[in-house]
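Peer 1: sequence and predicted structure, then a few things I'm wondering about:
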Amino acid sequence: MPEVIFTGPAGRLEGRYQAPKKKGAPIAIVLHPHPQFGGTMNNQIVYNLFYTFANRGFAALRFNFRGVGRSQGAFDHGTGELSDAASALDWVQSVNPEARACWIAGVSFGSWIGMQLLMRRPEIEGFISIAAMANRYDFTFLAPCPSSGLFVHGSEDRVAPAREVMPVIEKVKTQKGVIIEHQMVEGANHFFDGKVDELTQTVDTYLDKRLGPKPEAA
């Protein structure tokens, strides 16, 4: 899995990229948790999501937002990080010009950034949003949400309790022609400590439904 450096609005951004075996393969971008609370592209959930998509033949990228690891720049409270994510998608599209479809996945803070990117880029046809902090960040821009996708929370999440995020998700779920699913991982906290495998299986099951089984399982 090659290390990559690409240009972002605040300087270079570092990432890990898995090239697809077939031309025209879909793209997946995975966004990490809050940079000021230890979030990096090596977060275990980010790592697992990255391989979940790569193993399905996607052109998959995870990267560090500005100011994290070897990525240049400084934390920008979401505005700059959204620009970083857009640059990441631009870069993957530049090396996969035949790609038509794209998915975005994000964890916690990364899910907020990912959903904003979804609103701006019509080629994004699906999303995976893990531990979305709809109680702390404004998600009202998801009206209407243009693409179907999956929200996953832990039943014991104290950072973004399900009861506080469900009203937002329920509002989004009412959009015509868009199917939003919400799954709960029992016993999991905000970080899915000890529950990452269950989380990964939940995502895999959803992707099986949307995309069909993984190639080796087909």
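Peer 2: Arrived safely, thanks for sending.
Peer 1: quickly find the element holding the nearest residue to residue 140 once chain neighbours are set aside.
Peer 2: Distances taken as C-beta to C-beta, 6 or more residues apart in numbering place residue 168 nearest to residue 140, at 7.7 Å, with adjacent residues excluded. Where C-beta positions appear, they are placed from N, C-alpha and C, glycine not excepted. Per DSSP states H and E: residue 168 is located in helix 162-173.
Peer 1: before we move on, back to that, correct me if wrong: the residue nearest to residue 140 contacts residue 137.
Peer 2: No - counting by C-beta atoms under 8 Å, residue 137 is not a contact partner of residue 168; they are 9.9 Å apart.
Peer 1: just to revisit the earlier point, run through the residues that contact the residue nearest to residue 140.
Peer 2: Counting by C-beta atoms under 8 Å, 6 or more residues apart in numbering, residue 168 touches 134, 139-140, 142.
Peer 1: relative orientation of the next helix or strand after the helix holding residue 168 and helix 162-173 in degrees?
Peer 2: As assigned by DSSP H and E, the chain's next helix or strand after helix 162-173 is strand 180-185. Here strand 180-185 points in a direction 160 degrees away from that of helix 162-173 (axes from the mean of the first three to the mean of the last three C-alpha atoms, to 10 degrees).
Peer 1: show me what contacts residue 71?
Peer 2: Residue 71 touches 8, 11-14, 63-65, 84, counting by C-beta under 8 Å, 6+ apart.
Peer 1: I should have written residue 37 there, sorry.
Peer 2: residue 109.
Peer 1: could I get the phi/psi values of it?
Peer 2: phi -130, psi 30 (degrees, to the nearest 10).
Peer 1: residue numbering should commence at 14 henceforth.
Peer 2: Yep, numbering from 14; the last one is residue 50 now.
Peer 1: report pLDDT for it.
Peer 2: pLDDT, residue 50: 96.
Peer 1: quick one: the helices in this protein?
Peer 2: 57-67, 92-108, 122-133, 175-186, 209-224 (DSSP state H).
Peer 1: what packs against the third one?
Peer 2: Applying 3 or more C-beta pairs under 8 Å, 6 or more residues apart in numbering; DSSP states H and E, one finds that helix 122-133 makes contact with strand 40-44, helix 92-108, strand 115-120, strand 137-143.
Peer 1: let me know the angle separating the helix-or-strand element of the chain with minimal mean pLDDT from helix 122-133.
Peer 2: None of the helices or strands of the chain scores lower by mean pLDDT, DSSP states H and E than helix 175-186, at a mean of 82. Following the same axes, to 10 degrees, one obtains 10 degrees for the angle between helix 175-186 and helix 122-133.
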